[in-house]
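**Student:** let me see the structure of the following:
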Amino acid sequence: MSKKEMLKEIKKEVLGFKESPLYRERVKKVVFPVIGEGNHDGIVMFVGEAPGAREAATGRPFCGSAGKILDQCLQEIGIERKDVYITNILKDRPPKNRDPSPEEIEVYAPFLDRQINIIQPKIIASLGRFSAEYMLKKFYLENKIRSITALHGTPVDAKAEYGVIKILPLLHPAVVVYNRGKKETLMEGFYTLKKLIEKCKK
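**Tutor:** Numbers count the residues shown, from 1 in each chain. As a prediction, the model looks like this:
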């Protein structure tokens, strides 16, 4: 199967994922799961926490206020959105945009794990503390876990099934929506991302 076909299979499974604690909420509100989008051969995969209201309404990741900030950050380092892959750990929106529960992360994580192995990014940029913690635990790097403020912009080497990769924890772009003063801090992490991408291309 091609990457496109394997990712379509994941989408089909999530659409019918009645075992999810969020499935009933999705059906009740007539919204969509958010699987992911972007370059299936991209060097970089962005992993957020969960879809928001705008994302659930459209089925697209990071298309609301936080998505606009993400787009601005990418533009500032000369990267086009279409050249990266963007997804979340949870594929459905938690009610009222609350934090994802450990149980929800556990049931949705296998879909993300498969996406990683299909796309095989060289850099996984986690967005927010839940994503950072999941990634570090997934790659047996629990000893690296700190607050997201401390982790932000500090790359960590990890061993994926397909080779050595970099995990780059970043603040969630939503922090800038609520505090414009955080934009400079967020961009520092994206400049680190730019350097990592340049090294990967050499």
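**Student:** and the strands in the chain?
**Tutor:** Here the chain has its strands, by DSSP state E, at 37-38, 44-48, 85-88, 123-127, 156-160, 163-170.
**Student:** show me what the third one is packed up against.
**Tutor:** Going back to what we said before, that points to strand 85-88. For strand 85-88, the contact count by 3 or more Cβ pairs under 8 Å, 6 or more residues apart in numbering; DSSP states H and E identifies strand 37-38, strand 44-48, helix 102-119 as packing neighbours. Where you see a C-beta, it was placed from the backbone N, CA and C, and this is true even at glycine.
**Student:** and the first one, by the same measure?
**Tutor:** Judged by 3+ Cβ pairs under 8 Å, 6+ apart, the packing partners of strand 37-38 are strand 85-88.
**Student:** where in this protein is the helix or strand with the lowest mean pLDDT?
**Tutor:** When the helices and strands of the chain are scored by mean pLDDT, DSSP states H and E, helix 23-29 comes last with a mean of 82.
**Student:** mind listing what's buried in that helix?
**Tutor:** Buried residues in helix 23-29, counted by 16 or more other Cβ atoms under 10 Å: 23, 26.
**Student:** wait, which of the strands of the chain is closest to residue 9?
**Tutor:** Between residue 9 and the strands of the chain, the tightest spacing by Cβ to Cβ is seen for strand 85-88, at 15.0 Å.
**Student:** residue contacts, the residue nearest to the spatial centre of the chain?
**Tutor:** The chain has residue 47 as the residue nearest its centroid, 1.1 Å off, counting by Cα atoms, centre = their mean. With contacts defined as Cβ atoms under 8 Å, 6 or more residues apart in numbering, residue 47 is in contact with 87, 88, 89, 112, 124, 125, 126, 127, 131, 134, 135.
**Student:** all set now, cheers.
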